[in-house]
Every structure is written in structure tokens, then in C-alpha cells.
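# what follows is a predicted protein model with its sequence.
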There are 4 protein chains.
Amino acid sequence: MAESSAKEASYSMSFGGESGMREECGLFGVVSTGSWTPENNLSHILHLGLVGLQHRGQESAGMVTTKGGPEDVFITRKAMGLVNAAFSEDDIANLKGTLGIGHVRYSTHGLSEATNIQPFVVESLHGLIAVAHNGELVNAKNLKRKLLKHGVGLSSGSDSELIVQLLTHMPDCGEPNGANWVGRIKKMMEETVASYSLLIMHKDHIWAVRDPYGNRPLCIGKLLPTDAVTGKAPVETDDCEAWLVASESCTFHALGARYVREVLPGEIVEINKNGIFSRCIVPRAESKPPAFCIFEYVYFARPDTVFEGQMVSSVRRRCGRQLAEEWPVDVDLVSTVPESATPAAMEYANALNIPYLEVLCKNRYVGRTFIQPCTRLRRLGVIKKFGPLIDNFFGKKIVLIDDSIVRGNTVTAIVALLKRCGAKEVHIRVASPPVKYPCYMGINIPTVEELIANRVPMDKIAEEFGADSVKYLSLEGLKKAVSEGTKDAAYEVGHCTACLSGEYPVKKLDW
Amino acid sequence: MAESSAKEASYSMSFGGESGMREECGLFGVVSTGSWTPENNLSHILHLGLVGLQHRGQESAGMVTTKGGPEDVFITRKAMGLVNAAFSEDDIANLKGTLGIGHVRYSTHGLSEATNIQPFVVESLHGLIAVAHNGELVNAKNLKRKLLKHGVGLSSGSDSELIVQLLTHMPDCGEPNGANWVGRIKKMMEETVASYSLLIMHKDHIWAVRDPYGNRPLCIGKLLPTDAVTGKAPVETDDCEAWLVASESCTFHALGARYVREVLPGEIVEINKNGIFSRCIVPRAESKPPAFCIFEYVYFARPDTVFEGQMVSSVRRRCGRQLAEEWPVDVDLVSTVPESATPAAMEYANALNIPYLEVLCKNRYVGRTFIQPCTRLRRLGVIKKFGPLIDNFFGKKIVLIDDSIVRGNTVTAIVALLKRCGAKEVHIRVASPPVKYPCYMGINIPTVEELIANRVPMDKIAEEFGADSVKYLSLEGLKKAVSEGTKDAAYEVGHCTACLSGEYPVKKLDW
Amino acid sequence: MAESSAKEASYSMSFGGESGMREECGLFGVVSTGSWTPENNLSHILHLGLVGLQHRGQESAGMVTTKGGPEDVFITRKAMGLVNAAFSEDDIANLKGTLGIGHVRYSTHGLSEATNIQPFVVESLHGLIAVAHNGELVNAKNLKRKLLKHGVGLSSGSDSELIVQLLTHMPDCGEPNGANWVGRIKKMMEETVASYSLLIMHKDHIWAVRDPYGNRPLCIGKLLPTDAVTGKAPVETDDCEAWLVASESCTFHALGARYVREVLPGEIVEINKNGIFSRCIVPRAESKPPAFCIFEYVYFARPDTVFEGQMVSSVRRRCGRQLAEEWPVDVDLVSTVPESATPAAMEYANALNIPYLEVLCKNRYVGRTFIQPCTRLRRLGVIKKFGPLIDNFFGKKIVLIDDSIVRGNTVTAIVALLKRCGAKEVHIRVASPPVKYPCYMGINIPTVEELIANRVPMDKIAEEFGADSVKYLSLEGLKKAVSEGTKDAAYEVGHCTACLSGEYPVKKLDW
Amino acid sequence: MAESSAKEASYSMSFGGESGMREECGLFGVVSTGSWTPENNLSHILHLGLVGLQHRGQESAGMVTTKGGPEDVFITRKAMGLVNAAFSEDDIANLKGTLGIGHVRYSTHGLSEATNIQPFVVESLHGLIAVAHNGELVNAKNLKRKLLKHGVGLSSGSDSELIVQLLTHMPDCGEPNGANWVGRIKKMMEETVASYSLLIMHKDHIWAVRDPYGNRPLCIGKLLPTDAVTGKAPVETDDCEAWLVASESCTFHALGARYVREVLPGEIVEINKNGIFSRCIVPRAESKPPAFCIFEYVYFARPDTVFEGQMVSSVRRRCGRQLAEEWPVDVDLVSTVPESATPAAMEYANALNIPYLEVLCKNRYVGRTFIQPCTRLRRLGVIKKFGPLIDNFFGKKIVLIDDSIVRGNTVTAIVALLKRCGAKEVHIRVASPPVKYPCYMGINIPTVEELIANRVPMDKIAEEFGADSVKYLSLEGLKKAVSEGTKDAAYEVGHCTACLSGEYPVKKLDW
């Protein structure tokens, strides 16, 4: 649980050099099909929607709501920390509205910059607009320079501010009475390349936008009538109380909502009280394939989320099966580094017909802490997150499945723990290829030098971890596991594997 | 400018009528084998020890340390909230000492009473003493009346204060130079009946005490030299850097410590820099058997903890196997209500040779919230904690294993969720008998009227939950699953099953 | 009894050696003449009463209220900081009651010990009692030892806890049905010597108690009907909405209340809904005179307070006149160190017929700060509290009146400031004698070594301050200024001048 | 740019209609003459400089520092509340720099908008700039529309943001390598009319700017060597450790600094390590006179501040003398509503040779509170700020001097208090004319309807207040009192009396 600084205050370092901070984020939006009444106030829905996306960012959260009426009032509430802790009953009550967008964020900066909590709200010539952004602009530096040249002073280091200012600076596209916002958004998309999923709120509607590569996820849901979802039978209704839009579909279920579809790569969807309307699809240059982030499947997304027609958990299971084919091992039991590797581990066990047993118990309360460990604890490493289920593995040969290995610190500490508690052998199988390359499209990956796959040659890595063997799933294996389930996708799919393969869908223009 | 409210302030309601609040708690103590130096400061160990017991109480935490020297200085730090969030780097640094005791607490009172955060520290004629308590005194009301008659003013409603004041009021047992504290503790134990595990810190030692029925757990560990535990081989050493004492052994592993033994029912163990010394064993009246709380196995303890020579997780697995024998069912897949029912569910699946698959994904960030849900969310119930892994169960018959059912709200919401997401059948199997009776020995159980097993006849309960069938493990089955693994226990074992059977080991004397 | 602090937490150092911390405090109590209704809730009165005593203690505040009914419920609220900032609207609303006592406190300890915020509440055999205390027990150490020998464990270092435990430990004085509390209080007073003013709340009444020496102030007021005080004519009514009791009468006016009388030295006054009743007057040993703290007149009390029939401000004026007689000086203007020396300075100017002009402007926002000054600011000293009104004194000879000089740091910095801004001469006249001796009856005075009057010989002191001359009022002069106005006092008066004369009314028994 | 509030969070209402919020503010800037070293860190000076301006705004404070080196790093720290409470030791230490600007603010909005805490920092094409603003733009609405038309999205409702964006949008004025900032500032000044004093920090210098009317104050000081100011003789040195710039000169003394001169109306002064350089003076249109806010003299500024060559306190004294000439009265004593009316009251007494005596004691701890008073306290009004010094006025005729009367609530409550405490007559004399007109240049004055001078005819006003007579200083009298001391001013002076006379120096262009 991330704390902040001495009361109601914040540091910020403004600096001219580096732009575009990397962020892992979650977006949520809601548009009621009815008019505002005290009973039809949707901030509770917005709040709970963000709780369901909390795994995408735990550092800060923000919400903006509006009643969508002619008076153009936006109410904003931002806070450091987890959604549940940061907003009070009163906060929720004060966020009056039938439309709203929200954001959860994990910044990679050491300083928690309260200044940059999203959504970003500005007044424009054509009324207030609020923008929430997930992703990272590959040409942020160019765009920033362009805006600065136009004489815009930029008050935060965030890509969201760039996007907002680009939108307000775009020409009106020849519309006499008021702005042609869809035209502006389209032009902005042509300039910004990737990566972004966006929610843009303006007056009585929200535009849900995904970059032409579809690099970051975004999907649409509908809030069904309560009667429908609290009955004891499967829901059969077309009624809709509100339209929802979210980074991941997993957040719909807590609301009793139904998944409708993904926003397509390049699509601008307008959501208003009358429904969802596809306004435009901006094409990719040179008919390149889409590039949805494959790491969402590997690690980042919640297992009950659906992307491209398949459940994340199912992809992870297939990775486990594939891993068993590629790298079987003769051991007494298969286990997992809880929790995200568990589906892969179970399927690995099934495939090889080896018993699956838990060997590690996760302490769910460790959380983030700013307490520097004493020397002893520093040497012991990160094992405070895990306790050994000794009776399950004493004297036995284990294969431990992990979803991915980045720095390698955790796995080293775990292997040491298991061995000193009596494991006979500890083999490591990783349900994804080695992470070797930086991401500049929104996933927080350490610098190239910190990546274990770049620091230690593959044939020394078992020794490095203290393990009896270490093997990774092949890139082809991962791709196969992913693509097998996309047959049901309603559109062309394609994936960004840059952090694993070094093949970037778009160049970082101002690296 | 001083801030107020949920910071630096607290309400307390003092009331004359009801005494003895029910608490679920965790205790941790540490005694260095060396003298105090800035490097040999044990507050980091104490802090991390409490983090490992956080599952036993998330409301508040407290620590008291001392250097054990002649000047008799105790340093106390108490805070609301989780251990990791509540204590800062500075707090830990300021808690100087080679001895320390700590406490985590979950009170059942609606108001969080900062007044009652443990440990409780008082000055006595023979120096400062600090007491941390897990349990609930069955004769608290009588003891309180006795103290009040002696003219003691009681400043908190806590059993810990009762215990401290009893200790200081006990006669000195004829020792001329200073107090015979062991004699006092023994006399206090004869008066207090049950239930308690206690840590009592005084000058340069800690007494670890368990009531004669052994109702609440308490065990001893040793902190090994860092070299020993950070090597890559099994640890073989008798060296000891510090003695540890904790409610559960699970907390030792994060410290690189080794489990030594349990404190025996009725035992007073003195721990000082020279080692651990059994000072006394207070017998039970009428040679009754011990009465260790069986609910620690069912739900409360962490799976990697060892009680009575067996790992908690292993007991839960045997419960699953036993449940399969008693109540098999013909379904497509077995699943769990994550996370504590998972071992039982896996073993139930193994026993019946039915595939095990996860059907629910837990949102780890829901936590406690004080936001009142809107009407919609109230009707949807508690499902915000869980998301459905639809592809794993759509169109299938499921049996869902739960560890225990108290009020029944959660299971009802889960069944509804699974059914409306396409489950064909949902059967419930509970890895423990119905909870029917109140606990007055330290576990927080709702009033008799709220317990689902008392509200709804057993043959209507499936209907109540909306499930296709609901079956519970028998009491005999549970007892068998527990006792099977206690063959290795170094002492006579026996269990309190009062909340399940109504058979209380001791009467609540002033109910 | 541990309260919380910055982030709901607190340090406390418990130590066996030193007892009885020195405190400057303010007490306030209220008893409605009516029964409790939502409209007749007196916590607002209690809160504002404490605001009026804030000058007596700015570190922490506490309030306890009760409806005085048979169910014996006390509601307590304590917080660090100023009364206005520390309590929220909700806090006040939750403090339901028709009776209440409150306390503001400035502790002399470096650590702000949330544990010791008053009032102190305990449960006794005969119901809850709450105690608020102003003063310092001269025999605290003996009393503590006595209680410890009785086997009482003491959980705070406060005199208030000693008083509460003494009260509950006293024999019942032969009353069969319940406690003879007045008898107990009387016996406690016989044992505790001095100094204390106390408010003791129990069931439906408050006892207001002053030690036999009358060392600390305490007075009674009555809340008049609103109609009476909001009219535009002098108030003439005997109606009473509530009885008030306070350390100083100044706090009554903000409530529209009327001053009634002082609690007499040694008196126990019972206040209940029917009125105020003198229950007992405990005599002084050996017919000694009373010993009301003369420093209350010199510095501590608010100018609009009435003690012994005279207004504090009037005494200060007479001190100025007396000082002019004793130490006239030939200068161009008389001025003051704002604000408490202003009445004395004006009268000094009147007496000598020299113009009075302000030369210093006080920055009211400096307050307490925990920012360590940089080297520059440390060398400049404390002048950040004052700005020079240069045009008023440039090129002129000034005499500056101060009320008292303790350490001498402020006056040194002020003289330097005035001189470098162009004052031709700066003479200092102090409206009280040199402070030379420690107070052990409740006023916070530095150690003997820190007192400037002990560090520097009187004939070197002008040089030390950089002033052209420095003169103090004589002890006789001060006594004369004080006693001149006590002719109207309804009882024998007498004053403690220990810090000035070294003549202590009672010995500190366990120094 | 959203900052945090009660638990790091904030509301903000964005609205399209009304722009330009009214603010009373204080500015402070510092530029070291040396290079940055850990010892030559000027944030302590900046911090203490703001403490000295705290009377100009107590709601929030902000500071920005920079080392002025080539890397262009600005460090910002903003907080709600008083300067002393809001910034910790660590905050100050982290604000590294040899240049810095700071701001204290009192917003007139009900909601404290953390979003708008100044200084406002943005990145521009030519590096970071920070702006702190005191005043209110009379043509804010036009300027805003212009910026919105340019496509700038505005993220706050503040004039500071308008000024920053105007600066960055101005053409470069033909300078090839980098911005001609002085040219831009000049152009911005030509567009913004009034009122503003500004500090603009960029790279290694600060521009201090005052609008052509000189409506808001701004002056320059120099930090002398410590040795110079800590000696015991008048300071004679030309050495300078740092250049200071502040809203009021009163803040220099606490730093041991010397007042140098005012920034002239329309002047742009550049301050860098080499000294202060007048870069430009922007003329007023049509050779209008300056319009320095006369209310700074009447009420707003600290008495020890110097404007136009005269001390504020001296002006207030002259107002008192003038008032005595215009409206003498035959009474027993003259007194003051503490504290700002005291100089006027004393001089009124001197002029009429009537004794001056204090009749009210101010409770310095009342501060702002958010506790709603109960019905009783609401009827009693605001007297909780004052206690009566009854013995000084019982049975006497009083004339009470107030500096100004706005709503009239306070004076009504005071008259009632004095009368019910025994005053025979209470006359009111006000040392300024009636406030009748709104200010739209930076002083927070209630709406026209709330002003007592507009609500009640002048001949009924004594009755309204319950006073025996009420008289105001004439506008001519005030002007005379002010202008008498400006003979020494180094430049043409002139005053804005709009709130008293309705004669506005510039029209509000978009009222």
C-alpha cells in the first residue's frame, strides 16, 4: 500500500530533458442510459469498476464525473493509494454524474507525482474535456516539441497532457458550429502512432479510442438490469442500464455486467445514453498487422479477462502444456510460484501426469513497504512474501513453474528457501521466453542491463539461480499458445513481442 | 496545524456492562542471545515477524522493545492498520532493543479502539512489564469484579489489562528480594482458566505462556546465523542468534529461522539470552484433555504453519479426501473458493479422479472498504471479491469446495454468479461441519442467530444457496483428518470443537 | 491507555525512575440543568469552553461526555493539536451528553505522549469515573510507590492516573450501598498535599476540587438563557441553562455565560443538574496561608480572567506603575514586548508621562515549528516572531517593558534588532522579579542552570542583553501590585512566589 | 495539475462559465549571489520569507527552487495550510536551490482547490518557467477566450495559468537564438492591463514584475552578511548574500535583510546573481496616475511594512488623528478592536486627550474552524474571538475604533458584549470610509448586497449595530492621511479607492 508524503502535499521534479513516463494503467468509463437522479448516480459503479482494475496500477487513482447537462460541470477526485482506501463515502457521494471516467496508475518513477494523477481535465474552446490514457507515446518527444513550438506551456510530464493539448490544438476540420471532435481525434491518432487506449469525456458522451496497432486493451460492456443478474438463472435480456468501457473485461462481473466486445484497433467508439456507435477506424500504415501486447497474456492481465475471444487463464494453461512438450522433466511433483503461474503449472502437471502440489504459501499482506531491511533480511532476499509448505516437498524433486523471469531475484531466493527446507532437486520452467528488450509502449520493464537474460548466459543461468535446471518456453511456443484461441476473434489479430524478440511494431521515433 | 480524525485521534466508548471483547490475534517475541549494539537491534526481526502473522489480525499492531539492561526502559509503538503501512523506517529504528514483543489484532468491535492496541505496558513495584495476549478469558467478568473490588481502576475493556493487573496484584509468594514472577504467573493461570497464549516481557526475559487447555497456539523458533541460512545447502547448525516465539511457525521462514517446538499446554517457558527454560506446567483440572482450537486447522491458520507435529495444509488436504469419501458427487470438475479451501479441493478432486480447475479469480485488492454500496451493489452481494473464469466452467457441472460456511452470504452470491455465467450445476461441499455454536475463547463468530446452520434446516440449505446440493464434512471426519497427523506430536493432544459440537472444554463462568 | 498520533500511532517511553511530569493545563466542565435531548447536547459548549483556555496548553486536548443516565456510558475523544483543528464536526456530534469535562495540555516532555492525553477514564467498582487534572503532585513519587505496593500496575506516567487509582483504592468510608465518593476525595486530598485543580466526573455529577493551598485556579460559571445574553441590555436573570467550571473565567464570555465564584482552596464542589453544592473544605496543615501561583498573574493567565476578585490585566497595569516608581528612566518613548507586557508598559508610560508607542509588530503565524533553522537563522535568533516599526523609534531612546525574563534569548535578539534598526538607546524594565528557582507545582520553568538570573550576575545582565540598562520589579512591588486588588476577595488569599523567592509553600517530598 | 488534499486527494469543480478567481496572496523570491553548495541552499530563507507574509494568505503555500545551472531542474513543493505546519524539515532540505520563488494564498472559493496552489510551473520551448501571481486580471475572460481559440487547453481556473500560457504563446520578438523573454513579458503586460505583481523564475534569474498601475505591492531587499546583522551596532555594509523580492518589506527583518526599493509600476526587474537590473517600464495608457490599492494601508498589510516611503502603521496613526478631527466624541475612554485598529485608536486618544485602555482581549487560538456552531453559539455571533476586560470599562462611556467595517457582524456582536458587561455608552469610529463597491483587482470583498453600507442607510447604522453613535473617516481624510507620508516616495504615487469610491482605475472588461 503506497503512502504519500506529509499531508496534502507533493514534490515534483520538473525537467526539460526526458519526456513520456512509462506507466501501467487501467481505464474505466460508464455512461448511463438514463438521466441523472439522486438514485441514478453512477459514481459507485465507476468506483467499483476501478477496484476491479486495481491490479493494473496501485499507486494512484482518479475519477471525473458529469451529469452531461448543458452547464458543463465536471467533478474530479484524485488520490494516492488504492482505490478502496483513497476514496471515502463522501468522495463517492460528491462525484455526482451519469457519465464518468476513471484511471488507476502505477508510475515507474521513484517519486509519486500527485501532479500527474489522471484523468487530465482541461477547459477548451468547446467545453471541458477529460482524458484518461493507458500506454506510452512512441513519439512523445516530437509531439512535445511541436506543442512547445506552438507556444503551449506544459505543466506535467504526462502523455495524457500531450494528448489533451494535441486535441485542443487540432484544427476544427471545417465545422462551422463547434468542434468536429471525431475529426480532431482522428487527426491526433494519425500523429501519435502508438501506444494508447483512451477514454475522452466531453459533455454527454465518452469516446473510447484504441491505437491502430491495438497495443493496449480496451473493451465494452453493458450494465444489465439488477433483476436480470440477481436471479438464479442465466441472464437473457437486451435491456441496458449503462454502457461500460474498461481495460479488462474482468471488472464487469463484480458489477453484474455483461461483456459486449473489444474496441477495435484504430477504432473511435462514441458512447452516449443512446448506445455505442463506431465513428471511425484509423488504419495502420502500410497495412501492418495489429500488435496487441503479448505480455498482457503472460503476466499483466487478470486471468478472468477475455482478450481476442479467449480467456487469459486459458492461454496460460496452454503455455504450461506447451512448456511440458518443450521441456519435460522427471520429478516427483510440479508446483507454482503463486499466483499468476498457477494455471500454467497445473496444466504442465497434467500434461506430464506428475502430481501437482503447492510448495509455497503466499503472504498476502506483505505489500509494498518502505522499510529498509536490516543486513540479515537483505541477505535473505524477498522470501518474506512466501512460506514453504515443507511436508509437501521434503526429500522430493520439484519442478517449479514461473510465468516470467525479469531480474531473477525472486527465483533465486525461492530456490534457496526450498533447498534449505529439504527439497532434493529444484528445476525451474518458465512459461514465457526470456525478457531481453525494453518496452517503450507502456509496460514497465527494467533497463536492459538489469534483465537477467542479458546479464547471465543461458547455460549459466541454472547455476545463477542455484537450480538444477532452468528452461524457458520458446517464442514460437508462446505464440502458438496465444494464437490457438484467437480463432473466435472477430477481427484480425497480431501481437507485439518486442520485449522478447526485439521486433518492435513501430520505431521509437525519439529514443 | 494539527490534523484530526482517523489520525491522531480516537473515540472510545467506556461501558460498565459487558466485558471481555473477542479478538483474533497474533503474538510474536524475540530475545537476542547477544548484547545490544546498533547492529544487533532486533526491531526489524520483530517487525517482520508480525508481518508473517498479519493474517491473524489486520486492524492494529503494536511493538514493545527493551535492551534488557538495568535501567528498565521500554519503548512502545502502536498503530492502526497493517504492520507494513503503519510503521515507518524511523519507527523501526527508534524501537531499540534486544528483546521485544509484538501483537497484531482484529477486534470484533465496530469502533476501532486505539486505546486497546496491545501490548499492554504497566509499571509495577518490580519494574515494567508488557503483556501481549491472544485468546479470551472465560471468567473475565468475575476477574474484573475481583480487581474492581480491590480498588483497581480499569482503563480499557481488554483482557490484557485484566491479566496485567492480576499479575501485579498477586502476592509475592514469599520471596524476600523482589517478585517471584513465575509464582505469580502460575497463580494467575490457576485463576484465569482459559483461553490465552501470552507473551510477558520483564527486564531481560520473556515468559511465553499457554493456558492449560492449550486452546490458543504458541511455538518457539530460533534465528540461525545468516551464513547458515543463505547457503545453498540444508542448514546444519546449533548456533542461535536469537530465540523467537510466535503464534504460528509460518512466520519463522521469512526470517531464515528454524521451528523448535510448541509451548505445551499449561507451560511457562522463560526465554532469555542464555536459552529457553521450562519453568512450570500448570495442570488441567480433573485431568481433562487439552482443547486446542480445531478452527485453527479449518480456517484460521496459514497453511504452512505446523501445529501438533503436522502442517495445516496437510490437514486440509485430508479433510478434502475425507469429504470425498463422505459426499462424492458426479460432476465435470472440482473447484475451490480461493484461497483457503484450495488444498481440500485439490485432494477431493484427486480422491474422486475428477479434473480440478479454477472457476473463480480472487481480486486481491478489494480489502476492507467503508464505502456503503449503492442499492444495485448491495443486491449483487459480495461478488466483487471474485471474477468468474467462464471458459473453465461454461456448460459444466461443478462441485465447489469451501472450507467452512458461517453466514452463507458469500456462497449464495458465488452460486448465483456461476449459474448466470453458464454453470450447468453447482454443488457445494464444505470441508468442515456446520458452525452452530458461539465461541467464547477467542474466535470471532457471529451470534447464534446469524449462523446459517441455525437459520435454515439442513434439508433446505441447498435451496437457500441456490445450489444443486450442499453437504458438510462430518465432525468425526474432521476429527479423523486432524488426529491422523498428530501421531508425531510430542505430547497429549485434544481439540476444542465447541463451535461445531456445542461441547465446551470449560464453562463460560459469567456468560 | 494508548492513543494514536501522526498516522494513528505513538511512541511512548516507559521508565521506572522519574515520575510526575510537569504540565501547564486548562480544565473545563459543563453540567446541564436539563435532561438530554438532541437539542440539549452540550459538547459544543464543552468544545468552545476549551478553545477559550487554549492559551493554557496547545499540545493536545481531550473531552469526555455522558448523558448521566443509569446506563453509565462515557464517550471519550482525544487528539493532538489545537482544539479547533483537532476535533471535527462529527467528533463534536458524537460526543453526546449533558455533562462533560475537557482538558487542554502542554507537556514539557520532548515527545508528545498521546498516551497521556487527559481526561483519564477508568471503570471502578462503583461505575466509570473521568478525571482531568491541572497541577503537579509534590509527593507523586511516594504516592506512586504506595500504589505499586498495593499491586496496581500503572500504565502512564501521569499524575492523573495516580489520582484516579488513589480514588478507587480509598476505603469506602463505611457506606454500605455504594461508594462514599466525597469521603474518598477528601481522603485523597489529605494524602496528595498539592498542587491540583481537578474535575472528576461520575454518573450524573462533576466534582470540582482545588487543593487546600489553592495553588491552581478553578472557578464556576453559569450559562444563562440565550435570550438574556443576546439582548442589548445588561443581563438580569437568575435562570441557568448549565453550570460551568473552568480554570479561568475568561472562557465564560464567549459562551454568553456569567462568572459565579471561585472554588475555594481545599473545597469539593459537587455540580449536578440541580445546582452547585459545597460538600467539604479540606483544611491546610498548621493553618498555613493559601498559596495561589503568582505567576498566573505575571504571565500565564489571559488578561480578561478574574482571580481573587480582580482582573489579571489590572494587576499587570499596577505592576507597570510600580515598576515606574521603582525604576524610572529618561527616554523618548515606552514600548512593550507584545502582547502580555502591554498593560504594564502602558501604565509605566502613563506614570512617567512618556509617550507610549509600539516598536515591535508580532507575526501571529510563527507558531511552533519543527524546522531546524539554517546557520544564518540560528545566529539571528528568535526575531522571526517580531518585525520592527522603525519609523516609531529611529534615532530615539526606548524603554522596553517585558513581563518576565526566563532564559533571556528573546530579549537579547530584540535589543539587537532595535539597535541595528536605529534605536539610540534600549533600556529594559521587567514587570516581575528575576526567575531563579524551579517550580514543582505545575508551571514549566527551565532547569536552574538555564535561568538567566542564575547564569549572569545582575550587574552584568545589561551587557549580556546588549541593553543600556536592565531593571526588575522587586518582589515586594509585585506582591503589592497583586494584593492591592484582593480586598474584594471573598476569602483569605495568599500566594506562592517560590520561583522568584525560593520560599515553597510545601516541600517536594521526593525530589 | 492536480495536487492532493485530506489524505492526498482533492475535489475540483471545473466550470466553463466564470473565470478568474479573486485571491489575496503574498509573493517571495530569493536569488543568491553565490553558487550552489550544500551550505548555500536558500530554501530556509524562502520558507521564512513566506512565514513573514503569512497574513496575506493562510490557505495554501507553494515553493519552487532551482540551482540555476544548465540542467534546468525545478523542484516544487505545495501544501494546504500554514507555511510552518505544511512543510517539514525534509521538505525544506529537498528544495535545493540558489534561486526560488514562493507563494501564500487565500482563495475566496468555498472549496480549497489544491489544484490551484501556486507557483504555476510549465515547460516551455525555452525551458521551464515558474510563475507566482498576486492580483486579479480585469480582462481574464477575454484573455482566456483568446487562449482557448489558440487551442490551448486550460487545466485550472487560475489567472496564473493564463499568464504563463500568454507568456509562452507570445511571439519571440525576433530573437534568433532563444526567447526574448523580456519582450514577451512586456507584450503580455500590454495585454493584461491589471492587476498583478508577478515573480517569474527561469533558468538563473527571476523577473519581478508589477502592473503599470502598481495596484499590488512588490519590493526588493538584500540579505546582508550575517556578521553585519548580528553585531550590536547599526549595519553599514554594501555586501549582499542574496537578493530578495517580496510583497511586503516586513518579511525582510526576520531574515536580517535590508529593504532596498519598490518595484515601480510597470517595471520589469531582472534579478540574478550579479544584481538587480531594471529591464523595462511599461507605461500606463493615456498617462493615467498609478493606482496602488489603498486598502493595503487600511487593513491588509502588516504595520511594519513600508509602501511609498512610509510605514503602514504611521498611516494608520494619521487616520486615527484625522478621525479625531472629523468625528470627536465625549467619552471616558478610547479603545480598539484588536489588533489592526490599535495604532489609529491610540492616536485618536492622543488627539482628543482621552485615556486609551484595552477593553477587548483577543483569543489568538480561535483560528478558522469548520465546526458549525449550535443554535446558541450562532445567536451569540463571533464573540468567541474576544473576551471583555470588564474592569476597564464597567460603567464607562467608550469609543471603539475599528479599521474598517465590511459586513458589520463583528461590530454588532462586540457592542452587545460590551453593553451586557456594563459599558454605559459604546460609540464606534471607523478609520476608513464605508466599503460600498466590489473589488475586482485582488482584494476579497463580499458581494455588494452583503456590504453593511449598502444594506443599511447611514443614519440607521448606529441602531443596527446597537451603538450610541457610528461615524466613518471621510474619503478625503483617508487620502490625506495616506498622501501626507508619500513625499519621500521616489516616484509618482496614486491610489485605487474603488471599493470606497466606486472610481475604478481600469474597467473590468468582461464583468
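Good, I have the coordinates. Residues are numbered from 1 along each chain as shown, chains lettered A, B, ... in the order given.
# which residues of the stretch 351-500 of chain A lie near chain B?
By the rule CB under 8 Å from any CB of the partner chain, the part of the stretch 351-500 of chain A lying against chain B is A:356-358, A:361, A:363-377, A:379-380, A:383-392, A:416-417, A:419-422, A:466. Yep, even glycine has a C-beta here, placed from its N, CA and C like the rest.
# with adjacent residues omitted, what lies nearest to A:W327?
Closest residue in space to A:W327, ignoring its immediate chain neighbours: A:K471 at 3.8 Å, by CB to CB, 6 or more residues apart in numbering or on different chains.
# am I right that the one you found falls within a helix?
No: counting by DSSP: H, G, I helix; E, B strand; the rest coil, A:K471 is located in no helix; its state is strand.
# residue contacts, it?
Applying CB atoms under 8 Å, 6 or more residues apart in numbering or on different chains to A:K471 gives the contacts A:323, A:326-327, A:427-430.
# repeat for A:I294
In this structure, A:I294 makes contact with A:478-479, A:482, A:495-497, A:500, judged by CB under 8 Å, 6+ apart.
# what distance do you get for A:K507 to D:L418?
Relative to D:L418, A:K507 is positioned 80 Å away (CB to CB, to the nearest Å).
# so for the two, which residue has more residues nearby?
Neighbours per residue, other CB atoms under 10 Å in any protein chain shown: of A:K507 and D:L418, the larger number sits with D:L418, 27 against 11.
# how about the more buried one, what does it touch?
With contacts defined as CB under 8 Å, 6+ apart, the neighbours of D:L418 are D:359, D:388, D:393, D:398, D:400, D:426.
# quick one: the fifth one and D:V426 touch, right?
Yes: under the criterion of CB atoms under 8 Å, D:L400 is in contact with D:V426, at a separation of 6.3 Å.
# just the closest residue of the stretch 1-150 of chain A to chain B, please.
Shortest the stretch 1-150 of chain A-to-chain B distance, computed as CB to the nearest CB: residue-wise this is A:Q54, at 3.7 Å.
# who's in contact with that residue?
Counting by CB under 8 Å, 6+ apart, A:Q54 has contacts A:26, A:82-84, A:104, B:363, B:365.
# mind doing that once more with 7 Å?
Under the criterion of CB atoms under 7 Å, 6 or more residues apart in numbering or on different chains, the neighbours of A:Q54 are A:82-83, A:104, B:365.
# could those go into TSV alongside pLDDT, secondary structure and neighbour count?
Rendered in TSV, the data for these read as follows (pLDDT from 0 to 100; DSSP: H, G, I helix; E, B strand; the rest coil; neighbours: other CB atoms under 10 Å in any protein chain shown):
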residue	pLDDT	secondary structure	neighbour count
A:L82	86	coil	24
A:V83	89	helix	31
A:V104	94	strand	32
B:Y365	83	coil	19
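# now, which of those sits nearest chain C?
Sorting the contacts of A:Q54 by distance to chain C puts A:L82 at the head of the list, at 16.1 Å, by CB to the nearest CB.
# relative to A:F28, how far out is the residue of the stretch 1-150 of chain A closest to chain B?
Taken as CB to CB, the spacing of A:Q54 relative to A:F28 amounts to 11 Å.
# repeat for A:E71
Distance from A:E71 to A:F28, counting by CB to CB: 24 Å.
# which of the two has more neighbours?
For A:E71 against A:F28, the residue with the higher neighbour count under other CB under 10 Å is A:F28, and the figures read 30 against 10.
# so that one is in contact with A:L48, correct?
No: with contact taken as CB atoms under 7 Å, A:F28 and A:L48 are classed as non-touching, separated by 9.1 Å.
# what sits against the residue nearest the centre of chain A?
Averaging the C-alpha coordinates of chain A gives a centre point, and the residue nearest to it by CA atoms, centre = their mean is A:R56 (4.4 Å). By CB under 7 Å, 6+ apart, A:R56 lies in contact with A:24-26, A:104, A:247.
# one more pass at 10 Å, please.
For A:R56, the contact set (CB atoms under 10 Å, 6 or more residues apart in numbering or on different chains) comprises A:23-27, A:50, A:103-106, A:134, A:217, A:247-248, A:251, A:296, A:300-302.
# low-confidence ranges, the stretch 351-500 of chain A, go.
Residues of the stretch 351-500 of chain A that meet the criterion pLDDT under 70 lie in A:367-373, A:381-382.
# the helix or strand hosting A:L48 near chain B at all?
A:L48 is part of helix A:43-51 when elements are defined by DSSP states H and E. Yes: remark: helix A:43-51 sits within contact range of chain B at A:43-45, A:47-48, A:50-51, by CB under 10 Å from any CB of the partner chain.
# that helix close to chain D?
No: contact check for helix A:43-51 against chain D, using CB under 10 Å from any CB: none in range, with a minimum separation of 12.3 Å.
# need the mean per-residue confidence for that helix.
Regarding helix A:43-51, the rounded mean pLDDT is 94.
# now the element after that helix, going C-ward?
Of the helices and strands lying after helix A:43-51 in sequence (DSSP H and E), the nearest is strand A:60-66.
# can you list the strands that that following strand pairs with?
Each strand that strand A:60-66 pairs with, and the sense of that pairing, follows from DSSP bridges: strand A:73-80 (antiparallel), strand A:99-107 (antiparallel).
# please name whichever of these is nearest to C:G97.
For C:G97, the closest of the strands paired with strand A:60-66 is strand A:73-80, at 35.0 Å, according to CB to CB.
# buried ones in the longest helix that chain A contains?
Secondary structure of chain A read by DSSP state H shows that its longest helix is helix A:312-326. Of the residues in helix A:312-326, those scored as buried under the neighbour-count criterion (16 or more other CB atoms under 10 Å in any protein chain shown) are A:312-324.
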